[in-house]
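Chemist: Would you be able to build a 3D model of this:
(one chain, ligands or ions: 1)
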Amino acid sequence: MSDTDGGDLPQGLQLTPMDDAFRENPYHILKRIREEAPTHKDEELGRFLITRHDDVKSLLHDREFYTEPSKANPGTFSREILAPAMIGDEKPSMLFMDEPGHRRLRSLVSKPFQPKNVERWRSHIREIVEATLDKISTTEFDLIEQFAGPVPTVVIAEMLGIDPTYHDQFKSWSDLSVQIGFNPFPTQAQQEEGDAANQALNQFFIDEIGRRSQNLGDDLISDMLRAEVDGEKLTQEEIVSQCQLLLIAGNVTTTDLIGNAVKALLDNPLQLEKLRLQPELIANAVEEALRYESPVLNSGRIPNRDIHVSGCPVGHGESLSVILAAANRDPEVYPDPDLFDIERKDTHHQSFGGGRHLCLGAHLARVEAQEAILGLLDRFPSLTASERGFEYHAIPSFRGFSELWVSGVSRVKQ
Ligand code: HEM
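Modeler: Model prediction:
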């Protein structure tokens, strides 16, 4: 049982969705930590949890800090748990790279993710949403399996230029790979399945790169093959590793955002009604959903010098877990932080991180969620939560549902 009310503050896995109490309601625990020890030393996992909004924001934006786990001190979370998870991966993804390697990779892949380029995809994303809704044939269904899961996978598969006949296979590899992607505590079964899926995905991407280099097209893999910065091109290994990062960083998170947003709307019928009457509120509603239920609970940084955070000394090379979900509900910044209000004025949030590593796919995720939610509400005018209920998934650092059952009669398409 987690100790969340009185007594010592929780430690270790009690501070991850692997713990039942934390998974059901992390905000209760995070509030207590923010109030009692805003810089909380988690001795079990060797890290500091940072929970105040202003601390989280300023640490994320410190451009001198590291994210490369091998730069952390021995005995810390980054060094002992994250770094070994990367052994064998000669080309880590940019999220765990420092300068100048990080800047080089990021600049080679960033163009298609710029908002104006993502906006070109909006109408196609709407078509993908419609096609996914067309396949729902029952009045009670699992929103995650039938809708929030498939939409982001198909979008990224299409952006990568992958033939539609491979989309189902691609989704299954991608789901299995996510089980170990950012999960420092996989079970043996998850590790084995994830490794096998990664190998299959690797080979798949190598074949795709081979095909594309003979015949460049209008897709992300071709863009990466074309891209050049200071006369340097991406190697095959680097392209494979970026493709994998896009899947892992982009799929579960966007699925979680869509699921979390729909759940928040169903739990708050007045907000749902307001959005139905004023669909133009969708952009603000998605920002509020990101603030209210951050799909990524925490990111990480390693200070390059001795610092103080909310008065607490933190040494050079320590492992910092910056808790985005705690920052987003800090009452110093957000009035009534536990209230879901799609017309909230101050919906800025920390859910996409910040500074050098600010989420590359932020605008894409926003557009997908906006189109997905509007499409779903339009297709199901009487959508409600179903009695079959919901389950949160237990992936460390992520917040979302493995199942979310809903009911509704589909409107006949005009
Ligand atoms: C709701 C959906 C998403 C959320 C909440 C999210 C959140 C995040 C967070 C918190 C980070 C770390 C930022 C930091 O430490 O400062 C990150 C990094 C990243 N995200 Fe996302 N993400 C989402 C969707 C996507 C999508 C759709 C893609 C691309 C297809 C993507 C690609 C990336 C990449 C490449 C990085 C590494 C950036 C770097 O290290 O420079 N993300 N994301």
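
Chemist: residues in contact with residue 94?
Modeler: Counting by CB atoms under 8 Å, 6 or more residues apart in numbering, residue 94 makes contact with 101-102, 105-106, 242, 245, 357. All C-beta atoms are positioned from the backbone trio N, CA, C, and that covers glycine.

Chemist: Now it: closest residue in space that isn't a chain neighbour?
Modeler: residue 105 (4.5 Å; CB to CB, 6 or more residues apart in numbering).

Chemist: right, and that neighbour touches residue 97 too?
Modeler: Yes: Residue 105 lies in contact with residue 97 (CB atoms under 8 Å); the separation is 6.7 Å.

Chemist: Compare these two (neighbour count), which wins?
Modeler: Remark: of residue 105 and residue 97, residue 105 carries more neighbours, 23 against 20, as counted by other CB atoms under 10 Å.

Chemist: Point out where the protein drops to low pLDDT.
Modeler: 1-6, 85-91, 181-182, 413-414 (pLDDT under 70).

Chemist: need the residues of it near the ligand, please.
Modeler: 60, 94-95, 106, 156, 245-246, 249-250, 253-254, 257, 295-296, 299, 351-355, 357-361, 364-365 (CB under 6 Å from any ligand atom).

Chemist: Now intersect the residues you listed with the strands, please.
Modeler: Among those, the members found in strands (DSSP state E) are residue 299.

Chemist: Kindly export stretch 190-207 (C-alpha atoms) in CSV.
Modeler: C-alpha atoms of stretch 190-207 as CSV (Å, rounded to 0.1, in the frame of the first residue of the first chain):
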residue,chain,number,x,y,z
GLN,A,190,7.6,-7.1,-22.1
GLN,A,191,11.4,-7.0,-22.6
GLU,A,192,11.4,-10.0,-24.9
GLU,A,193,8.4,-8.9,-26.9
GLY,A,194,9.8,-5.4,-27.1
ASP,A,195,13.2,-6.5,-28.3
ALA,A,196,11.7,-8.8,-31.0
ALA,A,197,9.5,-5.9,-32.2
ASN,A,198,12.4,-3.5,-32.2
GLN,A,199,14.4,-5.9,-34.3
ALA,A,200,11.6,-6.3,-36.7
LEU,A,201,11.0,-2.6,-36.9
ASN,A,202,14.7,-2.0,-37.4
GLN,A,203,14.8,-4.3,-40.4
PHE,A,204,11.6,-2.9,-41.7
PHE,A,205,13.0,0.7,-41.6
ILE,A,206,16.3,-0.5,-43.2
ASP,A,207,14.4,-2.0,-46.1
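
Chemist: ok, and what's touching that stretch?
Modeler: For stretch 190-207, using CB under 8 Å, 6+ apart, the contacting residues are 166, 170, 172-181, 183, 186, 221, 236, 239-240, 243-244, 247.

Chemist: Give me the buried entries from these.
Modeler: In the contacts of stretch 190-207, burial by neighbour count holds for 170, 173-181, 183, 186, 221, 239-240, 243-244, 247, counting by 16 or more other CB atoms under 10 Å.

Chemist: Next step: these restricted to helices.
Modeler: Counting by DSSP state H, the buried ones among the contacts of stretch 190-207 place 170, 173-181, 221, 239-240, 243-244, 247 in helices.

Chemist: out of the residues you listed, who's nearest the ligand?
Modeler: The nearest member of these to the ligand, counting by CB to the nearest ligand atom, is residue 247 at 7.8 Å.

Chemist: I'd say the closest one and residue 155 touch.
Modeler: No: using CB under 8 Å, residue 247 is not in contact with residue 155, being 11.2 Å away.

Chemist: What distance do you get for the nearest residue to residue 332 once chain neighbours are set aside to residue 322?
Modeler: Distances taken as CB to CB, 6+ apart place residue 53 nearest to residue 332, at 6.4 Å, with adjacent residues excluded. Between residue 53 and residue 322 the computed distance is 10 Å (CB to CB, to the nearest Å).

Chemist: now swap in residue 373 and tell me
Modeler: Residue 373 is 28 Å from residue 322, by CB to CB.

Chemist: What are the buried residues along stretch 325-341?
Modeler: In stretch 325-341, counting by 16+ other CB under 10 Å, buried: 325-330, 333-334, 337, 340-341.

Chemist: cool, and stretch 403-414?
Modeler: Buried, per 16+ other CB under 10 Å, within stretch 403-414: 404-408, 410.

Chemist: Leaving out chain neighbours, which residue sits closest to the closest residue to the ligand within the stretch 201-350 of the chain?
Modeler: Nearest to the ligand, among the residues of the stretch 201-350 of the chain, is residue 250, at 2.9 Å (CB to the nearest ligand atom). Excluding the flanking residues, the one nearest residue 250 by CB to CB, 6+ apart is residue 361, at 4.9 Å.
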